[in-house]
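Enquirer: A predicted structure for the sequence below; I have some questions about it.
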Amino acid sequence: MIKDALDGKINLIITKSISRFARNTLDTISYVRKLKEITIPKSVTTIENRVFLNSSNLENIVFEVGSNLSSLGYAIIAGTAITSFKLVNDVNIIDIGAFVGADKLVNIEIIEGSLLYSLGTDGVLFSKDGKTLVAYPNGKTDTSYIVPNTVETIASVVFGYARLASVTLPASLKEIKAYAFVNSHSLQDIIIPDESNLEIIGEFAFCDTGITEFKITSKVHTIGQQAFRNTQLQYIVIPSTVTTIGSQILYDTPNVKVYVDGTGPKPGWDANWYESAEVTNVYYLPNWEYGPDGKPRPK
């Protein structure tokens, strides 16, 4: 049957149950990855993590009328050919990372009268009040993005695997959640205004990115563990306002210099806040200063 479908002799396969589709789980996964379109029956309430992972032929998912879907997992359409996805039933994906790795996705649809979401003109998904940036489609080919000045929170994994080289953050932003920019390998520049209200940088927020500079502004009080893991940072300044730091925030970031606006670590800093083989240069006051170019340097 599958051979006939691949030969163009069958366009539609209907099964009474999943057990009629294949003999075992491995065969089911193999055949599903060859499908171009899948209809999800209304009885389905949950789509689990990575359920369609690397189904490279899959172009469309259709939800049956009357769908009871209430939950989406992580990276559900990663590695597929899907370009557009509709969030039926106002299903909540905030901080889920449902579209991580969906590198063909350029359009997210929401239901009419959505109580959870709003859409930007560029297809970016926000909370209804515009205060939370929920999802940035991985398939977009823009190299820069300006986060709107209504946004106070960037949700988890929003820019994960994005192709952006530059992101401009608004003064209104208060929190960058865990893994927000993870594996955005092209990302080099994060532009932050001096008057930023940023308070929290979540764990692994910029892990595996190409950023070369990051300005921790004066209202930041918390930096999560490994927030800047495996980046291209040359230096970083930790202001006196930072009272909480997780472990190894610069793990796998070679040759970075750390300048601390204080005479030593604070009680809320993890005992291994910077310790890794790559971080060998940490300077406390009064052992550093700003040079004529406005950048920090050892005395």
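Expert: Okay, I see it.
Enquirer: was I right about residue 137 contacting residue 98?
Expert: No. Counting by Cβ atoms under 8 Å, residue 137 does not reach residue 98; the two are 11.4 Å apart. Every C-beta, even on glycine, is put in place using the N, C-alpha and C of the backbone.
Enquirer: so these two - more neighbours on which side?
Expert: Ranked by neighbour count (other Cβ atoms under 10 Å), residue 137 and residue 98 place residue 98 first, with 26 against 21.
Enquirer: could you measure the more buried one against residue 203, distance?
Expert: Counting by Cβ to Cβ, to the nearest Å, the separation of residue 98 from residue 203 is 20 Å.
Enquirer: residue 189 too?
Expert: For residue 189, the distance to residue 203 - Cβ to Cβ - is 22 Å.
Enquirer: of the two, give the one with the bigger neighbour count.
Expert: Per other Cβ under 10 Å, whichever of residue 189 and residue 203 has more neighbours is residue 203, with 19 against 15.
Enquirer: if I look at that one, what pLDDT would I see?
Expert: Turning to residue 203, the model gives it a pLDDT of 98.
Enquirer: residue 23 too?
Expert: 68.
Enquirer: and what of residue 123?
Expert: 89.
Enquirer: separation between it and residue 159?
Expert: 14 Å.
Enquirer: between those two, which one's more packed in?
Expert: Legend: neighbour count by other Cβ under 10 Å for residue 123 and residue 159, higher for residue 159 (28 against 17).
Enquirer: quick one, helices of the chain?
Expert: Ranges of helices in the chain, per DSSP state H, are 2-6, 25-32.
Enquirer: start and end of stretch 165-184, how far apart?
Expert: 8 Å (Cα to Cα, to the nearest Å).
Enquirer: in contact with residue 202, which residues are there?
Expert: For residue 202, the contact set (Cβ atoms under 8 Å, 6 or more residues apart in numbering) comprises 156, 175, 176, 177, 178, 179, 180, 224, 227.
Enquirer: and what of residue 41?
Expert: residue 64.
Enquirer: and it, backbone torsions?
Expert: Torsion angles at residue 41 (phi, psi; degrees, to the nearest 10) stand at phi -70, psi 160.
Enquirer: so how far is residue 63 from it?
Expert: Counting by Cβ to Cβ, the gap from residue 41 to residue 63 is 9 Å.
Enquirer: and the pLDDT at the residue most central in space within the chain?
Expert: Geometric centre of the chain, nearest residue: residue 157, 1.9 Å, by Cα atoms, centre = their mean. For residue 157, the pLDDT comes out at 96.
Enquirer: give the residue spans of this protein that score low on pLDDT.
Expert: Residue ranges of the chain with pLDDT under 70: 1-3, 5-7, 13, 15-33, 276-279.
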